[in-house]
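**Q** Okay, structure incoming, though there's no sequence with it:
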């Protein structure tokens, strides 16, 4: 878990300090603290309605925060209108100007800032080349496919060399095949131009594959922030654990101490302080659980369960089990021992202490999320 | 094909093909009514108008088609100054169109972008409410308002803006004013519809790309509203250039228009060929103006205008 320390606010590309946004009685964004390092690819991840788009729109200047301040390169831009912010956006629907050609779309921002027409067109051609659309300048946006329109939107934003590029679910309208190519492409472009990207998405695979760091939002709050590997391997809340892939959540503390499973088995998490109160749970990813003959495994982080269903998926087998106290568990087994994986059979299941994590009670947000690692 | 019919699958195939044919033909069958309407009530009068203009004769003995093309030349050389009426009508129509654009654009903009959804319908209804009163009666009310005993004149006389006995009536101003008033909605509605279709994200995109309000208005809103303005011009210009009502009610001798001349030739002097020739000429001129406008403002892409 070699985690880069969060940037201090003076060198951050964007800093959000206690930013909240209310719509009437509803709180869309609740007291957000966020720092993006220069040149970082940062993903803001969450289900729809979690406040991620509102956050992006506040950074873009389309929405005013109800409270809090937003800093761009250390300068307070909270009240600055969007046309005066050194930030550009790739909109979800691309929002290309239909009455202008592709090249005219790309030079729009340069021209508003006084770049001479000829130079603007030269630079537009450079950026169209960067996104792989050489020679498309004279076409109209409506004559392009969804993927090509997205590239135009990207060129139109990047050509201005913004301090931060905001991307609002830019892959939302693309089909799976193009999406895959665009992800690789976007990562390459980001590395090439070195501009800070703030990428909003509800697709966890997309965020994990592209981002240097990501934040998971839920109900207007940021539940976790860190590198994709850290957030996946050691999520700070049950919500984050189940939003990023699937996760088995085992109840703790109903019998014995606060870290004991209902059947009395002890649990141990490496590098984390044991919870002192009850109501916590233990999380472990399906691919981290080992299955073995019943009675062959002992020690902490082991219990018994009954196989209810086995699905062979080729590379892995998906095994559904039920613990003695009735919690359903899902396990992905790579080396399927055909004799072992039989529905109705009781098996020992275990996991390593550095591959599981304690999850706080549902309504309790951990105060120091970064410490969870 | 022939061998296929002998196979047992032939029957369903033929049924499928019939179904495809039925589906392909239905839209055309349904549109026949519309095209029939257009053909019967639009093309036939147009052609018959042209034919009537080429007839000679008089109201007593009747008219016969003699392919008398010289009637068109006579319009400009005869004793009645039709060219003057024509130029006057075009001036009035073009001015009225320009004024409706200037007045209607902010109204449409306000309703489309600045008003909450629940007030839009109310405001649009207000724009259209004048249609509930007959066009003639509305114009007559203007005659009263602007007339010697009308409130407007009285106030202005009282303020010494107008001399005693002076009114706005019988001036180009009163005629154009009446036209603007009567055709206002024809300009507001198409512009509003065009604005309503603009994706609000485009305004945000313009702001995002360092465009201030003025940039956004002139570089995004106005170009994307072009189609609405064009439709509005189509409706207002054609209507006002040929209109005899405003000039006869609100105008006088000095504001006699081509519309009045056509009406007079048809109903009073019963020179049907002259009336038809004037109508055809007017239509041709309007057609040329609109074509040139479409070429200048528009674009290689006609879809941008519609």
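**A** Looks like it arrived, so ask away. On a predicted model such as this, the values are computed, not experimentally measured, just so you know.
**Q** CA atoms for contacts and neighbours, from now on please.
**A** OK.
**Q** ok, residue 134 - how many residues close by?
**A** I went with chain A, as the question did not name one. Each residue near residue A:134 was counted by other Cα atoms under 10 Å in any protein chain shown, and the total is 13.
**Q** Chain B, not that one
**A** Other residues lying near residue B:134 total 10 when counted by other Cα under 10 Å.
**Q** tell me the contacts of it?
**A** Residue B:134 is in contact with no residue at all, counting by Cα atoms under 8 Å, 6 or more residues apart in numbering or on different chains.
**Q** one more time with 10 Å
**A** The neighbours of residue B:134, taking Cα atoms under 10 Å, 6 or more residues apart in numbering or on different chains as the test, are residue B:140.
**Q** Just give the nearest non-adjacent residue to the closest residue to chain A within chain B, would you?
**A** Nearest to chain A in chain B, going by Cα to the nearest Cα, is residue B:210, at a distance of 3.9 Å. Here the nearest residue to residue B:210 in space, its sequence neighbours aside, is residue A:83; by Cα to Cα, 6 or more residues apart in numbering or on different chains that works out to 3.9 Å.
**Q** for the residue at minimal distance from the centre of chain B, helix, strand, or coil?
**A** Per Cα atoms, centre = their mean, the C-alpha nearest to the average position across chain B is that of residue B:235, at 1.9 Å. For residue B:235, the assignment made with DSSP: H, G, I helix; E, B strand; the rest coil gives helix.
**Q** Tell me where chain A has helices.
**A** A:52-60, A:102-112, A:117-130, A:146-158, A:176-193, A:204-210, A:228-233, A:238-243 (DSSP state H).
**Q** Show the secondary-structure elements that the second one is packed against.
**A** So the one you mean is helix A:102-112. When contacts are defined as 3 or more Cα pairs under 10 Å, 6 or more residues apart in numbering or on different chains; DSSP states H and E, helix A:102-112 packs onto helix A:117-130, helix A:146-158, helix B:200-208.
**Q** quick check: angle from that helix to helix B:200-208?
**A** 50 degrees (axes from the mean of the first three to the mean of the last three Cα atoms, to 10 degrees).
**Q** Quick one: work out the angle between helix A:102-112 and helix A:117-130.
**A** For helix A:102-112 against helix A:117-130, the angle by the same axes, to 10 degrees is 130 degrees.
**Q** For the stretch 101-250 of chain B, which residues are neighbours of chain A?
**A** Taking Cα under 10 Å from any Cα of the partner chain as the measure of proximity, the stretch 101-250 of chain B contacts chain A at B:198-213, B:215, B:219-220, B:223-224.
**Q** repeat that for 8 Å
**A** Proximity of the stretch 101-250 of chain B to chain A, by Cα under 8 Å from any Cα of the partner chain, involves residues B:199, B:201-202, B:204-212, B:215, B:220, B:223-224.
**Q** sorry, back to before: residues contacting the residue nearest to the centre of chain B?
**A** When contacts are taken as Cα under 8 Å, 6+ apart, residue B:235 is in contact with B:186-187.
**Q** cutoff 10 Å now
**A** B:97, B:183, B:186-187, B:190, B:229.
**Q** how does chain A divide into domains?
**A** A:14-233, A:251-372 (automatic domain parsing).
**Q** So for residue B:268, which of those domains sits nearest?
**A** With Cα to Cα as the measure, domain A:14-233 is the member of these nearest residue B:268 (51.1 Å).
**Q** Show me what the mean pLDDT comes to for the closest one.
**A** Predicted confidence along domain A:14-233 averages 93 (mean pLDDT).
**Q** Now do the end-to-end distance for it.
**A** Domain A:14-233 has an end-to-end distance of 27 Å (criterion: Cα to Cα, to the nearest Å).
**Q** what does chain A have sitting close to chain B?
**A** Along chain A, the residues adjacent to chain B under the rule Cα under 10 Å from any Cα are A:60-62, A:81-100, A:105-113, A:153, A:156-157, A:160, A:162.
**Q** Great, nothing more from me.
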